[in-house]
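Chemist: Provided below for reference: sequence and predicted model.
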Amino acid sequence: MTEPDPASQTEYGGPAILSRGGSSSLFAPSRSIRFRPYLGVNGTYDTGLTPVSLTSAGDIPDDASIGGSIELGVSGYHRFKTVQVGLDYRGSYNHYSRNSYYNGTEQLLSFLFTKQATRRVAFTLRESAGISNRGIAAYGGFGAFQLVDPNFSFEPRNEIFDGRTHYLSTMGDLTLRKSARLSFNLGADGFLNRRRSSALYGFTGYRVRGDTAYRTSRHATSGIAYDFTHFEFTKGFGASDIHTIQFVQSYRIGRNWELALKAGGSRVETLGLTRVAIDPVIAEIVGRTAAIEVIYRTNWVPNISASLSRSFRYSSLEFNYARGVTPGNGLFLTSRQESAGASYSYTGIRKVNLGLNAGYSSFGSLAQTLGTYSGFTGGAGFTYLLTRALHFVARYDYRHYQIDDTTFKRNSYVATVGFAFSPGELPLALW
């Protein structure tokens, strides 16, 4: 019996496999979406702005300012016979009335290219790049679909300070479909992160990975995945090697629910520097009370990911949870990370889109003597279609974050009101 041609299975290719960097198949476009540009003008009020500096009293500033922004972007998705191309670009210029330090551009780019080279072989390229001032996960934006799983790429998230960060993540995959049920995937990623402030750390790294997946039914996939990740930090001596093995399971529950899971562990080898106290007798001789010591540590860290998605006729709902290892946020280096989030978008009311999101995250350094970082985010907003192309936009975002065992604690919010011009019959979607 002849096997079905994988290239022809465009309606449903099975539930998402988290180890391959994609988003839920419920949110992946099943057909071409016209590339849609937009241009927006907003007024904002920001609080909790935190530069990498100290006041004359020796405190970390906690600034607030009225500001404005101009933003533009384009998003869309197109299916050719053997090629799929997706693009989501957002750019803005922000100006604050009280402190020019926070002025500047933000650029966010996600790109997807998939080529069905033969009946059994496919190539996928995912690109994520940008210039961020407040961390891409701190506050939301427009978006109709996901091209890159944000928990999979090393994008700047949970930033403590407000300052410019450049990032780039490139992910390439080769997928071999041995049969209609069995597939193998090999992937390689390269990533880097550079921060404007010389007081904070950036990093450069790579990851190689592979997995095998077997579709036990039309609506379920099981598999096993392995990856090796290496990253090293700017400004000095420090690097980590991470070996991770995970079991993968995905389900499509009915027509509208999808559950994707990864569960396993990571062996983390960290080489770095730490400051240690010198014995008082030796300190009296050498004239110093502390020294720098080379450290090498090995940790075993659980590595878990879960995503539950629901697609309604006029809305979408998603929950996610992740626990693993991260290169940190410029202050924290190699760290255990735990995060959870939820988002909801509704377009069932004519001319209106409503959006909600909430999230939690925490860091615990594997090599530094630092308190645990923890943070909460939440946001709500709506867009209203005034004319065929003009939208009114309003949103409110809140963030609380702190470092345990220190006095650092910060509450911030951003209130935004503006107008966006985007040709189309539907309102712009939030998140």
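Modeler: On my side now, so go ahead.

Chemist: how about low-confidence regions in the stretch 51-200 of the chain?
Modeler: In the predicted model, the stretch 51-200 of the chain carries pLDDT under 70 at residues 134-146, 150-151.

Chemist: Can you show me the helices along the chain?
Modeler: Taking DSSP state H, the helices of the chain run over residues 280-286.

Chemist: What sits closest to residue 224 if chain neighbours are left out?
Modeler: Distances taken as Cβ to Cβ, 6 or more residues apart in numbering place residue 247 nearest to residue 224, at 5.7 Å, with adjacent residues excluded. For the C-beta atoms, the positions are set from N, CA and C on the backbone; glycine is no exception.

Chemist: Make sure that neighbour is actually in contact with residue 223.
Modeler: Yes - when contacts are counted by Cβ atoms under 8 Å, residue 247 is listed as touching residue 223 (7.5 Å).

Chemist: Show me what counts as buried in stretch 389-398.
Modeler: In terms of neighbour count (16 or more other Cβ atoms under 10 Å), stretch 389-398 has its buried residues at 391-393, 395, 397-398.

Chemist: sorry, back to before: what residues are up against the residue nearest to residue 224?
Modeler: The contact partners of residue 247, by Cβ atoms under 8 Å, 6 or more residues apart in numbering, come to 222-225, 262-264.

Chemist: which of these count as buried?
Modeler: For the contacts of residue 247, a burial check counting by 16+ other Cβ under 10 Å picks out 222-223, 225, 262, 264.

Chemist: Adding distance to residue 341 and pLDDT, write the residues you listed out as CSV.
Modeler: Listed next are the buried ones among the contacts of residue 247 as CSV, based on distance: Cβ to Cβ, whole Å; pLDDT from 0 to 100:
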residue, distance to residue 341, pLDDT
222, 25, 94
223, 24, 94
225, 22, 95
262, 16, 92
264, 21, 96
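
Chemist: ok, the residues you listed vs residue 60, which is closest?
Modeler: Nearest to residue 60 among the buried ones among the contacts of residue 247, counting by Cβ to Cβ, is residue 262 at 37.1 Å.

Chemist: wait, the closest one sits on residue 305?
Modeler: Yes - using Cβ under 8 Å, residue 262 is in contact with residue 305, at 4.2 Å.

Chemist: Give me the common contacts of the two.
Modeler: residue 18.

Chemist: sorry, back to before: of the buried residues of stretch 389-398, just say which sits nearest to residue 195.
Modeler: Looking across the buried residues of stretch 389-398 and measuring by Cβ to Cβ, the closest to residue 195 is residue 397, at 22.1 Å.

Chemist: where does that closest one land on pLDDT?
Modeler: pLDDT, residue 397: 92.

Chemist: so who does residue 379 touch?
Modeler: Residues near residue 379 by Cβ under 8 Å, 6+ apart: 139-140, 355-358, 395-398.

Chemist: what about residue 100, neighbour count?
Modeler: Neighbour count of residue 100, defined by other Cβ atoms under 10 Å: 9.

Chemist: ditto for the one 4 residues further on
Modeler: Residues lying near residue 104 (other Cβ under 10 Å) number 16.

Chemist: Roughly how far does the nearest residue to residue 326 once chain neighbours are set aside sit from residue 248?
Modeler: Nearest residue to residue 326, sequence neighbours excluded (Cβ to Cβ, 6+ apart): residue 337, at 4.2 Å. Distance of residue 337 to residue 248, computed by Cβ to Cβ, to the nearest Å: 20 Å.

Chemist: which residues does residue 248 bridge with?
Modeler: In this structure, residue 248 has the following beta-bridge partners (DSSP bridges): residue 223, residue 262.

Chemist: tell me the contacts of it?
Modeler: Applying Cβ under 8 Å, 6+ apart to residue 248 gives the contacts 17-19, 211, 213, 221-225, 261-262.

Chemist: Apply 6 Å and report the result again.
Modeler: 19, 223, 225, 262 (Cβ atoms under 6 Å, 6 or more residues apart in numbering).

Chemist: Ok, residue 172 next?
Modeler: The neighbours of residue 172, taking Cβ under 6 Å, 6+ apart as the test, are 125, 188.

Chemist: do that again at 7 Å, thanks
Modeler: Neighbouring residues of residue 172 by Cβ atoms under 7 Å, 6 or more residues apart in numbering: 125, 187-188.

Chemist: same thing with residue 222?
Modeler: Applying Cβ under 7 Å, 6+ apart, we find residue 222 in contact with 214, 216, 248-249.

Chemist: picking that back up, reformat the contacts of residue 379 as TSV; add distance to residue 117.
Modeler: Formatted as TSV, those follow (distance: Cβ to Cβ, whole Å):
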residue	distance to residue 117
139	39
140	36
355	38
356	41
357	38
358	41
395	42
396	47
397	43
398	47
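
Chemist: Can you flag which of those belong to strands?
Modeler: The strands, defined by DSSP state E, take in 355-358, 395-398 from these.

Chemist: and residue 420, how far is that from residue 381?
Modeler: 12 Å.

Chemist: ditto for residue 107
Modeler: Per Cβ to Cβ, residue 107 is found 21 Å from residue 381.

Chemist: How about residue 391?
Modeler: From residue 391 over to residue 381 the distance is 12 Å, taken as Cβ to Cβ.

Chemist: Show me what the nearest residue to residue 401 once chain neighbours are set aside is bridged to.
Modeler: Of all residues not flanking residue 401 in the chain, residue 375 sits nearest, at 3.4 Å (Cβ to Cβ, 6+ apart). Beta-bridge partners of residue 375, counted by DSSP bridges, are residue 361, residue 401.

Chemist: is it possible to export the contacts of residue 172 to JSON lines including distance to residue 158 and neighbour count?
Modeler: Below are those laid out as JSON lines (distance: Cβ to Cβ, whole Å; neighbours: other Cβ atoms under 10 Å):
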{"residue": "125", "distance to residue 158": "27", "neighbour count": "13"}
{"residue": "187", "distance to residue 158": "25", "neighbour count": "21"}
{"residue": "188", "distance to residue 158": "26", "neighbour count": "15"}
